[in-house]
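Q: Please find the sequence and the predicted model below.
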Amino acid sequence: MRIAFEEMKADRLLTARTEHGNVAPVLLARGDEPGELRTDVPYQMANILLRVVPYLGSDKIAVVARRCDEKAIAEMSKRGLLDSGKISLIGLACDAEQVSECRCSDPCPSKVHIGECVKASPTDKVVEDLLAKSISERLEFWTAQFRKCNKCFGCTSNCPVCFCDECLLEEKTFTPEKGIPPGFAFHLIRSIHLADKCVECGECERACPADIPLLALRKMVNRDVKELFGFVSGDGETTSPLLTTLDGDSMEGDNDVC
Amino acid sequence: MSVKHVLTTCPYCGTGCNLFLTVADGRAVGVIPCKTDETSQGQLCIKGYNAHAFVHHPDRLTHPLIRKGEQLTQAGWDEALQKTVDEIKRLVAEHGPDSIMVLASAKCTNEENYIFQKLARAAIGTNNIDHCARLCHASTVAGLLQSFGSGAMTNTIPEFEDADCLLVTGSNTLEAHPLIGARMLKAMEKGAKVIVVDPRDTPLSRIATISMRQKPGTDVAWINGMINVIISEDLYDHDFVAERTSGFEELRELVKSYTPERVEEISGVPKQHLVDAARIYATADKAMIAYAMGITQHSNGTNLVRTLANLAMVTGNVGKESTGVNPLRGQCNVQGACDAGALPNLYPGYQGVEDAEVRAKFEKAWNGELQAHKGMTLTCAFNQAFTGEVKGMVIFGENPMMSDPDIGHIEAAIQKLEFLAVIDIFPTETAKLADVVLPAACYAEKDGTFTSTDRAIRVVRKAVDPPGEARPDWRIACELGRMLGNDGFEFDSPADIMNELAAVAPIYGGIDYERIDRENVRWPCPSKDHPGTKVLHAGSFKIGKGVFAIVEHTPPMEETDEDFPFILTTGRNLFHFHTGSMTRRSVKLQRESPEPYVEICSEDARQLDVLEGQSVRVSSRRGSITLAARVTDWIRPGTIFIPFHYAEAAANRLTNNALDPIAQIPEFKVCAASVEKA
């Protein structure tokens, strides 16, 4: 509260607190009773921020943000969806347990206000195990996983970088309305679509009632994008190579185009 | 400018997922899952994610309406309530209180259902109170009450995850109860064996260990067949059978003739599958049965439920964690509407109206004389409306013109009523026929509680104001009670009503708002210091020993013939809910499943020369509808399936009003039908 309203001079604070015996996302205004603030339950704050911003006019908002929230907010700002001048980040360092759950390679926010940074996870075991398999074994694995999909759209609803005006996954040509499970295209379109945006927050995997290892899928695509284009999502400056023009310089490491 | 996240309970199925409604400037604009909720664990299905979508729909009823000739015209609250009360009083004076039927709602809260039944019993003076549980799990309530002494789910939702075997029958769990289905998937990941018995392939059956497609209407045969294998291979639980049950020798005799060969002949289930399934179920350490409408909606529904209870008792799978007989209840508060006494034979807390001692207790609590005989069921009431005995109906939040079997008959019955009042949130097919329509608040606009399928009392919190002049149902019913001259309707809040419910229904004795605001409590919870109950029947049954039912296979009421060669079965899909009044007004759900369709297997389609997407006419002895063919291999040859969500091709124009003699539930799951190109 103090950091948000005194140091950052924010009008609102987006965080989580205990409500009704549960942990709830909450938007506090200056002077509100804070209650019992909580940082131990990983609500996807960047996603929630993007949902509430349209209703807050010119208010300045402080957000309790993990490293992945910070990166997602950078991706949003870069695309003009958020005015970064209105957003202040209260950096929350993930604890070891959270880092291990996300197999996270980049857990430390650029400025830490809450918690202490712990070591990144060197590898993602799920990804490593998959890469050790043959292509046909991988296909078999994903086929079995995608057959459990119940089309809840939880992976998109809770994703901080799913912000298209019209969702391709709700478009008949690619994912006809024929019940469940949806076809392979559902998951593959989403994978490719997020290739230059995904910040590996893992919310899709946490939100999946079928426990499909969606974070592993995201990480494998991100790995390819890094190898092919030298691009890593999550900073506010670098334009995605997928958005730059094909004219002119090589796309490789096309870092100077804003 | 304000944004808040209001924790509440999903208004769709009976799983009872809690979720946050995002409320911006007084409007519900989105849904966020609640990560710390015991039931949903931060996950939802597509209906849950769209729980906000219909709340501010322009079709919402915002003013009372009174019929003036052909037209329903806008009226004030005073006039509309007075008209309703005058008509009730007139009918009671002329024809007695039993000429009135009150329908409560599984979409309304516990507190509201308590008021509805009190309105019928204490203010109008009739036990004619029922609700759509009659159409879904009436056979469960009756059947499990007889077998075990309690008509509710024996175990809880989280326990599915830790079972070693799941026997799922007549439940398309992943579509109708997605977050319970998710627990089943987790159990599979941990190594559980899953057996699905259903005439259709379901998303769960397609990944199950064993999937058996029985001919609709032959369930007693395959269940008796499993018990036959279990007893003949000596896989039954000798200790449990000896100590905790009665009637085993009769059961042993009964199932002798249900050999796997004979079962295959009756049901079409391959005998080796049946034997394998029986062995897997019987040898699992902890085996759970889950079932839904595929078991209950039959003319022998009560007996079918009891047959499943037999199977669980033979193997000792009752009274322990991750075992039991688990009816999955379909509506957010169908469990609670039963608990609160919206049943014609039971007061709140399953206390019989014909029990003089119980009646005396309620007469004292409600300060007046109560009727000694039980009231009419919903299905019976429409029959009696047709023949003229029932003259008036007050329907809170139900849509029988879509949900009940043989709609043509329902419509004719409603037209014979002298007076119909409908209280609802949308102008439903039923509301359009009413004399008075009163606009109600939806779940997002009021406080209260829903009781989930696993007996958890879940809190519903007001997030936004009702539209226009709409009011919460409990206020409307209290006002009617007051105007009818009863002084037992002076409640200031749902919390007050819960206090009275807790005082008269021992299973809710320990429930109060302060407690359930923070705690997920499951009934029975008889006192404030009682922790609530997860597993029923641990140690002993409420009726002492569990009772084996002796049930023979009997064919369904309507069998196929030359004119109607297909078996029609009905149900839900993932994207819509029941009569569609909410989901079909939700853009994303409607996109996923915009049109009515009939599932027909590819072999049958080929013979009829019908292609995918072509328009076909499906007829039964009661009516015809026209809709698109969905050609699939996921259904048994000779069987067709129609979801009942679509008013423009209402499946219940075709279904049969044949009733189970005990529970009076209709046989939605089997009728004879024909298919032709339209």
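A: Good, I have the coordinates. Numbering: from 1, shown residues only, chains lettered A, B, ... in the order given.
Q: In contact with the residue of the stretch 201-350 of chain B found nearest chain A, which residues?
A: The nearest approach of the stretch 201-350 of chain B to chain A comes at B:Pro203, 5.3 Å away (CB to the nearest CB). To be clear about C-beta, it is placed using only N, CA and C from the backbone, and glycine gets the same treatment. Contacts for B:Pro203 (CB atoms under 8 Å, 6 or more residues apart in numbering or on different chains) come out as A:150, A:180-181, B:172, B:174-175, B:181.
Q: Which of the three states applies to A:Leu13?
A: strand (DSSP: H, G, I helix; E, B strand; the rest coil).
Q: for B:Pro439, same thing?
A: strand.
Q: before we move on, back to that, wait, a strand at the residue of the stretch 201-350 of chain B closest to chain A?
A: No - with three-state DSSP as the criterion, B:Pro203 is assigned coil and is not in a strand.
Q: ok, of the contacts of B:Pro203, which come out buried?
A: Neighbour counting by 16 or more other CB atoms under 10 Å in any protein chain shown classes A:150, A:180-181, B:172, B:174-175, B:181 among these as buried.
Q: tell me which element whichever residue of the stretch 151-258 of chain A sits closest to chain B is part of?
A: Residue nearest to chain B within the stretch 151-258 of chain A (CB to the nearest CB): A:Pro209, separated by 3.6 Å. Assigned by DSSP states H and E, A:Pro209 belongs to no helix or strand.
Q: How about the contacts made by the closest residue in space to it that isn't next to it in sequence?
A: Computed as CB to CB, 6 or more residues apart in numbering or on different chains, the closest residue to A:Pro209 that is not its neighbour in sequence is B:Ala182, at 3.6 Å. Contact analysis of B:Ala182 by CB under 8 Å, 6+ apart lists A:150, A:209-210, B:43.
Q: Tell me the secondary structure at B:Ala182.
A: Criterion first, three-state DSSP; result for B:Ala182: helix.
Q: For A:Asp124, give its distance to A:Ser105.
A: Separation of A:Asp124 from A:Ser105 (CB to CB, to the nearest Å): 8 Å.
Q: Show me which of the two is the more surrounded one.
A: Between A:Asp124 and A:Ser105, A:Asp124 has the larger neighbour count (other CB atoms under 10 Å in any protein chain shown), namely 21 against 14.
Q: Who are the contact partners of the more buried one?
A: Counting by CB under 8 Å, 6+ apart, A:Asp124 has contacts A:103, A:105, A:215-216, A:219.
Q: top helix in chain A by residue count?
A: helix A:214-229 (DSSP state H).
Q: Show me where the stretch 501-650 of chain B has its strands.
A: For the stretch 501-650 of chain B, the strands defined by DSSP state E, counting those that start in this stretch occupy B:546-547, B:566-571, B:597-601, B:615-620, B:623-632, B:639-643.
Q: What is the nearest of the buried ones among the contacts of B:Pro203 to A:Leu243?
A: A:Pro181 (31.5 Å; CB to CB).
Q: The closest one reaches A:Gln145, doesn't it?
A: No - using CB atoms under 8 Å as the test, A:Pro181 is too far from A:Gln145 to be in contact (9.9 Å).
Q: I'd guessed A:Ser233 sits against A:Cys68; true?
A: No - contact criterion CB under 8 Å: A:Ser233 and A:Cys68 do not qualify, at 10.6 Å.
Q: Identify the contacts common to those two.
A: The contact lists of A:Ser233 and A:Cys68 share A:Val199, where a contact means CB under 8 Å, 6+ apart.
Q: With neighbour numbers in mind, choose between the two.
A: The neighbour count for A:Ser233 versus A:Cys68, taken as other CB under 10 Å, is higher for A:Cys68 (26 against 22).
Q: ok, that one - contacts?
A: Applying CB under 8 Å, 6+ apart to A:Cys68 gives the contacts A:46, A:102, A:104, A:106, A:160, A:199-202.
Q: One more: B:Val551?
A: Contacts of B:Val551 (CB under 8 Å, 6+ apart): B:220, B:224, B:254, B:300, B:303-304, B:306-307, B:310.
Q: Would you tell me which one of the buried ones among the contacts of B:Pro203 comes nearest to B:Leu611?
A: Out of the buried ones among the contacts of B:Pro203, the member with the shortest distance to B:Leu611 (by CB to CB) is A:Ile180, at 22.9 Å.
Q: wait, isn't the closest one in contact with B:Pro178?
A: No - shown here, A:Ile180 and B:Pro178 do not form a contact pair, counting by CB under 8 Å, at 9.4 Å.
Q: Now the common contact residues for the two.
A: With CB under 8 Å, 6+ apart, A:Ile180 and B:Pro178 have common neighbours A:150, B:574.
Q: what's the burial count for B:Pro661?
A: B:Pro661 has 10 nearby residues by other CB under 10 Å.
Q: does it count as helix, strand or coil?
A: Per three-state DSSP, B:Pro661 ends up coil.
Q: Show me which residues of the longest helix anywhere in chain B are buried.
A: Among the segments of chain B that qualify as a helix by DSSP H, the longest is helix B:77-95. The neighbour-count check on helix B:77-95 (16+ other CB under 10 Å) flags B:80-81, B:83-85, B:87-88, B:91-92, B:95 as buried.
Q: So which residues make contact with that helix?
A: Residues from elsewhere that reach helix B:77-95 (CB under 8 Å, 6+ apart): B:64-66, B:75, B:99-100, B:124-125, B:391-392, B:394, B:418-419, B:421, B:435-438, B:469, B:471, B:476, B:479-480, B:483-484.
Q: give the contact list for the residue in the stretch 451-600 of chain B positioned nearest to chain A.
A: Relative to chain A, the nearest point of the stretch 451-600 of chain B is B:Arg518 (3.5 Å; CB to the nearest CB). Each residue near B:Arg518 by CB under 8 Å, 6+ apart is listed here: A:20-21.
Q: Name the residues of the stretch 351-500 of chain B found near chain A, please.
A: Selection of the stretch 351-500 of chain B residues close to chain A by CB under 8 Å from any CB of the partner chain yields B:Val459.
Q: switch the cut-off to 10 Å
A: Residues of the stretch 351-500 of chain B lying close to chain A by CB under 10 Å from any CB of the partner chain are B:459, B:461.
Q: Same check on the stretch 1-150 of chain B?
A: B:1-8, B:18, B:20, B:22-25, B:27, B:29-38, B:40-50.
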